[in-house]
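In: prediction below, plus the sequence it came from.
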Amino acid sequence: MKMEEEIRKKIQEKIKNKAVFIGLNSTLRGIENGEVELVVYASDVSESIKNELSESKVKLYAYDGDNEALSIACGKSFNISVLGLKK
(Lines give C-alpha, C1' and ligand atoms only; values in the text may rest on other atoms or scores of the structure.)
Protein backbone atom coordinates (compact mmCIF):
# COMPACT_ATOMS: atom_id res chain seq x y z
CA MET A 1 0.00 0.00 0.00
CA LYS A 2 2.91 2.36 0.65
CA MET A 3 3.99 2.16 -3.01
CA GLU A 4 0.42 2.97 -4.09
CA GLU A 5 0.43 6.11 -1.95
CA GLU A 6 3.80 7.21 -3.39
CA ILE A 7 2.51 6.72 -6.93
CA ARG A 8 -0.68 8.64 -6.11
CA LYS A 9 1.34 11.58 -4.74
CA LYS A 10 3.65 11.54 -7.75
CA ILE A 11 0.67 11.51 -10.12
CA GLN A 12 -0.98 14.45 -8.32
CA GLU A 13 2.27 16.41 -8.36
CA LYS A 14 2.78 15.77 -12.09
CA ILE A 15 -0.84 16.72 -12.87
CA LYS A 16 -0.46 19.94 -10.90
CA ASN A 17 2.65 20.74 -12.99
CA LYS A 18 0.92 19.63 -16.21
CA ALA A 19 3.58 16.96 -16.66
CA VAL A 20 1.34 14.05 -17.67
CA PHE A 21 -0.09 12.46 -20.76
CA ILE A 22 -3.66 11.32 -20.11
CA GLY A 23 -5.08 8.53 -22.24
CA LEU A 24 -3.55 5.76 -24.30
CA ASN A 25 -2.98 7.66 -27.55
CA SER A 26 -1.47 10.68 -25.84
CA THR A 27 0.78 8.45 -23.73
CA LEU A 28 1.92 6.45 -26.77
CA ARG A 29 2.83 9.70 -28.60
CA GLY A 30 4.79 10.80 -25.53
CA ILE A 31 6.62 7.47 -25.48
CA GLU A 32 7.48 7.79 -29.18
CA ASN A 33 8.92 11.25 -28.50
CA GLY A 34 10.95 9.97 -25.52
CA GLU A 35 9.07 12.16 -23.04
CA VAL A 36 7.61 9.49 -20.73
CA GLU A 37 9.43 8.11 -17.67
CA LEU A 38 6.62 5.95 -16.24
CA VAL A 39 3.30 4.63 -17.53
CA VAL A 40 0.55 3.96 -15.01
CA TYR A 41 -2.40 1.85 -16.10
CA ALA A 42 -5.60 0.84 -14.35
CA SER A 43 -6.18 -2.76 -13.30
CA ASP A 44 -9.05 -3.14 -15.77
CA VAL A 45 -7.21 -2.32 -19.01
CA SER A 46 -7.29 -4.98 -21.69
CA GLU A 47 -4.46 -7.43 -22.31
CA SER A 48 -3.95 -5.90 -25.76
CA ILE A 49 -3.28 -2.48 -24.21
CA LYS A 50 -0.89 -4.02 -21.66
CA ASN A 51 0.94 -5.79 -24.50
CA GLU A 52 1.13 -2.58 -26.54
CA LEU A 53 2.56 -0.69 -23.57
CA SER A 54 5.03 -3.43 -22.68
CA GLU A 55 6.54 -3.22 -26.17
CA SER A 56 7.61 0.35 -25.45
CA LYS A 57 10.41 -0.52 -22.98
CA VAL A 58 9.19 2.28 -20.66
CA LYS A 59 8.75 1.45 -16.97
CA LEU A 60 5.16 0.32 -16.30
CA TYR A 61 3.14 0.42 -13.11
CA ALA A 62 -0.14 -1.48 -12.68
CA TYR A 63 -2.33 0.75 -10.51
CA ASP A 64 -4.20 -1.22 -7.85
CA GLY A 65 -7.60 0.04 -8.89
CA ASP A 66 -9.84 0.32 -11.92
CA ASN A 67 -10.07 3.29 -14.29
CA GLU A 68 -12.50 5.07 -11.98
CA ALA A 69 -10.12 4.75 -9.00
CA LEU A 70 -7.23 6.00 -11.14
CA SER A 71 -9.26 9.03 -12.22
CA ILE A 72 -10.03 9.81 -8.57
CA ALA A 73 -6.33 9.57 -7.73
CA CYS A 74 -5.71 12.06 -10.55
CA GLY A 75 -8.45 14.38 -9.32
CA LYS A 76 -10.29 14.15 -12.65
CA SER A 77 -14.02 13.77 -13.26
CA PHE A 78 -13.58 11.34 -16.17
CA ASN A 79 -12.27 7.78 -16.20
CA ILE A 80 -8.56 7.31 -16.88
CA SER A 81 -7.18 3.94 -17.94
CA VAL A 82 -3.65 4.95 -18.93
CA LEU A 83 -1.43 7.90 -18.15
CA GLY A 84 2.20 8.71 -18.75
CA LEU A 85 4.34 10.72 -16.37
CA LYS A 86 6.71 13.08 -18.16
CA LYS A 87 10.44 12.99 -17.48
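Out: Cool, got the structure. Numbers count the residues shown, from 1 in each chain.
In: for the helix or strand of the chain with the lowest mean pLDDT, packing partners?
Out: Sorting the helices and strands of the chain by mean pLDDT, DSSP states H and E puts helix 2-16 at the bottom, at a mean of 81. Packing partners of helix 2-16 (3 or more CB pairs under 8 Å, 6 or more residues apart in numbering; DSSP states H and E): helix 67-74, strand 82-86. (C-beta placed from N, C-alpha, C; glycine too.)
In: nearest to Ala19, of these?
Out: strand 82-86 (4.1 Å; CB to CB).
In: counting contacts, what elements does that closest one pack onto?
Out: With contacts taken as 3+ CB pairs under 8 Å, 6+ apart, strand 82-86 sits against helix 2-16, strand 20-22, helix 24-32, strand 36-41.
In: tell me which of the helices and strands packed on helix 2-16 is the most buried.
Out: strand 82-86 (a mean of 24; mean count of other CB atoms under 10 Å).
In: quick one, what contacts the closest residue to Ser56 other than its chain neighbours?
Out: Distances taken as CB to CB, 6 or more residues apart in numbering place Ile31 nearest to Ser56, at 4.8 Å, with adjacent residues excluded. By CB atoms under 8 Å, 6 or more residues apart in numbering, the contact list for Ile31 reads 39, 56, 58, 84.
In: quick one: Ile31 from Asn25, how far?
Out: Applying CB to CB, to the nearest Å, the value for Ile31 to Asn25 is 11 Å.
In: any regions of this protein where pLDDT drops low?
Out: Where the chain drops to pLDDT under 70, the residues are 1.
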